[in-house]
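Q: next input, structure requested:
(chains A and B)
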Amino acid sequence: MVDLFAAGLLAAIQPQMLLLILLGVVVGIIFGSIPGLTAVMAIALCLPMTYGMSPAAGMSLLVALFVGATSGGLIAAILLKIPGTPSSIATTFDGGPMMEKGEGVKALGAGIVFSFIGTILSIIALVFIAPTLARVALSFGPHEYFAIAIFSLTLIATLSSGSMTTGIFSGLVGFAVSTVGIAPVDATRRFTFGMVELNSGFSILAVLVGMFAIAEVIKVAEGGRAGSNIKIMAPVMKGVKGFGFSMKEFFEQIPNAFRSSVIGIVIGILPGIGAGTSNILAYIAARSRSKTPEKFGKGALEGVVAPESANNAGIGGAMIPLLTLGIPGDAVTAILLGGLMMHGIQPGPMLFVTQAPLVYTIFAALTISAVVMLIVEFYGLRIFVRLLAIPRHILLPMILVLCAVGAFGLASRTFDIWTVLGFGILGYGFVKAGIPTAPFIIGFILGPMAETNFRRGLQLSQGEFTGFLTNPISGAFLALAALSIAWQIWSGMRRRQLQTSN
Amino acid sequence: MANSRTKGLVVGAAMLLTGLVYFLLATRVPGPGGVDAGFFPTLLAVGMILLGAIHMFQHRHHPAAAAPQPVSDDIVEQARAAADDEDAPVGEGAPDYLSVVLSLLLIGLFVLLMRPIGFVFAAAIYLFAQFALLSPSDRPVPWLGLAVLAAVVSAAIFFLFRYGFSLMLPAGPLAPFL
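A: Residues are numbered from 1 along each chain as shown, chains lettered A, B, ... in the order given. Purely as a prediction, here's the structure:
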């Protein structure tokens, strides 16, 4: 493992790779810091740049964007008291008050340093857990894969925002969209309406860009011509030593950072919930374990360290199921999966056998991205602060054009851009109807995996459905899926009862 | 409450209708029967129909389920609610649907024009119109600045992708000069 990691590191420190990582981190921080711009958008619009690159170079750029965008959210959270991304929501609680007290640089410095520590801890977890899990997963067959896909789908549909009915419905629609094209196993054409372009189904990129980027532009258009009244406070950098906080303060925060990182890693591994939840849970844990909980919400350093360690720790956590099982936990890892597949790489346990150098190059690129993020984010702070002032009515149309370029680049046909637009309207419709979009994406990606493995599994068990229940791993995952639905129904009923009695 | 109840019923009906349409299409998928290419689509359609019916039922008999949750005093609880509401619209006040429709038309026009007039001109026209459409109404629109920005950005994207990343975007009338 050490040899492979060293080889990965050697590959990742080539000048071209370092430049790509630097570019990825900078663009990622910009997208993470500007409210309304997301990591998905950053990755979607940089994907076409990777078409002509080697898989290692392309993936290094994409993971650098992921690291930068996850961390960048803290800039707006502290300076504007508006989270740049949902993963920095809890950072606003104490980051904002620290800024108002004149401790903005300390808050930013601590946020950046502990984002780095969270990322590094999660990469360590990734490097140790992923190969072991991949070895276990090598013995998995169609029964297990079907059950894991159903479990992941159930989890994301029941845990995502909105009601359970709309969550599961969203997952089913995503699954239904994935059935367009040639069916697995018997190669029957379905729902193509005689259009040759639909034979291979919809591309992940077109669906993701439409559902997230175009829908976001339409949401901004919905705001009409109302001007923005956001006031940006610039941190005073003069006379600042190091990262703005003392070594004593650093060592005091280590247990908090470690606990928060563990929360971030564990939540990152689970499909359906990610950094948007883990940063809040880490904040709650830090507040309940603190000797001075009354200081929380008034500018406590622990209140910045906890969410920022946790959200970045989700990076390595989310990469574990993505690389070992090919299961993305959220939209960001879904688009990373799209990036891998675009380069002809199928994530899963075999990836660790057939493409081990690539896997370890990705690990090394993640590590270097964390280091680059630490340096660039703190010392380039003044530039990022200025970018916060760029109005969204200027930025979003540019992003839309870049997304169209990405969609066009898939096969040089305008059909793909129409597809993007179509999914943009669908995504906007979901927003208006209060239907969560994340289960749709996971349903779209895991649908073919579930269907193919279900049909193969049936062939293996001579058409007996019980094969899925008698296989211990598959049976356990299906039982967990049923339990998660039952739990949600029970907690929903209890909530309703409480509301009625109140 | 009445509004959210109506919205719940409309959303439930749309879910049910989607399921019905998909069911009709699924029954047309050729196959020998049993677990064939139409099996999963049929299963999914039945699921959608059931969920649509459940959603309508919930909002018909339990309007409280559709009512907004009481706002907690705790900042963490408020944040958790905000995090859950990831799809909340960003605009404040009443939505401006005219801007939405016009933006969609502009995007459609951009895609339609991309091949005949080339990427640079199509993107420049789109960007200029979209910038102007979304410019804040409380200050004068800097027409010239927006036009220059639109032209520079579209040309920069075209040349960056054509020569930097070998992506052959439609050149249109520029083709003889490239």
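Q: from chain B, how far off is A:Ile168?
A: From A:Ile168 across to chain B, the span is 6 Å (C-beta to the nearest C-beta, to the nearest Å). (Each C-beta comes from the backbone N, C-alpha and C, glycine too.)
Q: same question, A:Pro255
A: Taking C-beta to the nearest C-beta, one finds A:Pro255 at 20 Å from chain B.
Q: is that residue located within a strand, as I assumed?
A: No - counting by DSSP: H, G, I helix; E, B strand; the rest coil, A:Pro255 is not part of a strand but helix.
Q: tally of neighbours for it?
A: Neighbours of A:Pro255 under the rule other C-beta atoms under 10 Å in any protein chain shown: 12.
Q: low-confidence ranges, the stretch 101-250 of chain A, go.
A: A:159-162, A:224-240 (pLDDT under 70).
Q: chain B too?
A: B:1-2, B:61-94.
Q: to the chain's geometric centre, what's the distance from stretch A:59-75?
A: Relative to its chain's centre, stretch A:59-75 lies at 10 Å (C-alpha atoms, centre = their mean, to the nearest Å).
Q: that one and chain B, are they touching?
A: No - Stretch A:59-75 does not reach chain B (C-beta under 8 Å from any C-beta of the partner chain); its nearest approach is 11.6 Å.
Q: same thing with stretch A:174-194?
A: Yes - Stretch A:174-194 reaches chain B (C-beta under 8 Å from any C-beta) through A:175-176, A:179, A:183, A:186, A:188, A:190-191.
Q: what's that stretch in contact with?
A: A:153, A:198-202, A:207, A:439-448, A:450-452, A:455-456, A:459, B:22, B:25, B:29-31, B:36-38, B:40-41, B:44-45, B:48 (C-beta atoms under 8 Å, 6 or more residues apart in numbering or on different chains).
Q: let's go with 6 Å and repeat that
A: Residues outside stretch A:174-194 that contact it (C-beta atoms under 6 Å, 6 or more residues apart in numbering or on different chains): A:198-201, A:440, A:443-444, A:447-448, A:451-452, A:455, B:22, B:25, B:29, B:37, B:41, B:44.
Q: also stretch A:212-225?
A: With contacts defined as C-beta under 6 Å, 6+ apart, stretch A:212-225 is touched by A:40-41, A:44, A:392, A:396, A:400, A:403, A:424, A:427-428, B:89-91, B:95-96, B:99-100, B:103, B:136-137.
Q: select only the buried ones of those residues in ChimeraX?
A: Of these, the buried ones can be selected in ChimeraX as follows, counting by 16 or more other C-beta atoms under 10 Å in any protein chain shown:
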select /A:40,41,44,392,396,400,403,424,427,428 /B:91,95,96,99,100,103
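Q: and A:Glu464, its phi and psi?
A: Main-chain dihedrals, A:Glu464, degrees, to the nearest 10: phi -90, psi 120.
Q: ok, back up a step: which one of the residues of stretch A:174-194 next to chain B has the most neighbours?
A: Neighbour max across those (other C-beta under 10 Å) = A:Phe175, 28 neighbours.
Q: quick one: residues contacting A:Phe363.
A: Contact partners of A:Phe363, counting by C-beta under 6 Å, 6+ apart, are A:8, A:127.
Q: what's the first helix or strand after whatever helix or strand it lives in?
A: When elements are assigned from DSSP states H and E, A:Phe363 belongs to helix A:356-379. Next helix or strand after helix A:356-379 toward the C-terminus (DSSP H and E): helix A:381-387.
Q: what is the rounded mean pLDDT of that next one?
A: For helix A:381-387, mean pLDDT rounds to 78.
Q: how far does that helix sit from the chain's center?
A: Relative to its chain's centre, helix A:381-387 lies at 24 Å (C-alpha atoms, centre = their mean).
Q: and if you look at stretch B:162-176?
A: Chain-centre distance of stretch B:162-176: 28 Å, with C-alpha atoms, centre = their mean.
Q: do stretch B:3-22 as well
A: The gap between where stretch B:3-22 is centred and where its chain is centred comes out at 18 Å by C-alpha atoms, centre = their mean.
Q: just give me the neighbour total for residue 149.
A: No chain in the question, so chain A it is. When counting by other C-beta under 10 Å, one arrives at 29 neighbours for A:Ala149.
Q: that was the other one, I meant chain B.
A: Applying other C-beta under 10 Å, we find 17 other residues in the vicinity of B:Leu149.
Q: need the residues that contact the strand or helix carrying it.
A: Here B:Leu149, judged by DSSP H and E, is contained in helix B:143-159. The contact list for helix B:143-159 (C-beta under 6 Å, 6+ apart) reads A:398, B:119-120, B:123-124, B:127-128, B:131-132, B:169.
Q: may I see the buried residues of that helix?
A: B:146, B:149-151, B:153-155, B:157-158.
Q: can you redo those as a markdown table with distance to A:Ala7?
A: Shown next, in a markdown table, are the buried residues of helix B:143-159 (distance: C-beta to C-beta, whole Å):
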| residue | distance to A:Ala7 |
| --- | --- |
| B:Leu146 | 50 |
| B:Leu149 | 45 |
| B:Ala150 | 47 |
| B:Ala151 | 47 |
| B:Val153 | 41 |
| B:Ser154 | 42 |
| B:Ala155 | 42 |
| B:Ile157 | 36 |
| B:Phe158 | 39 |
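Q: need the pLDDT of the residue lying closest to A:Gln253 once chain neighbours are set aside.
A: Nearest non-adjacent residue to A:Gln253, counting by C-beta to C-beta, 6 or more residues apart in numbering or on different chains: A:Val305, 4.7 Å away. Per-residue pLDDT puts A:Val305 at 94.
Q: which strand or helix spans A:Val305?
A: Going by DSSP H and E, A:Val305 is part of helix A:302-325.
Q: thinking again about what came up before, now flag whichever of the contacts of helix B:143-159 is closest to A:Arg259.
A: Nearest to A:Arg259 among the contacts of helix B:143-159 is A:Met398, at 40.7 Å by C-beta to C-beta.
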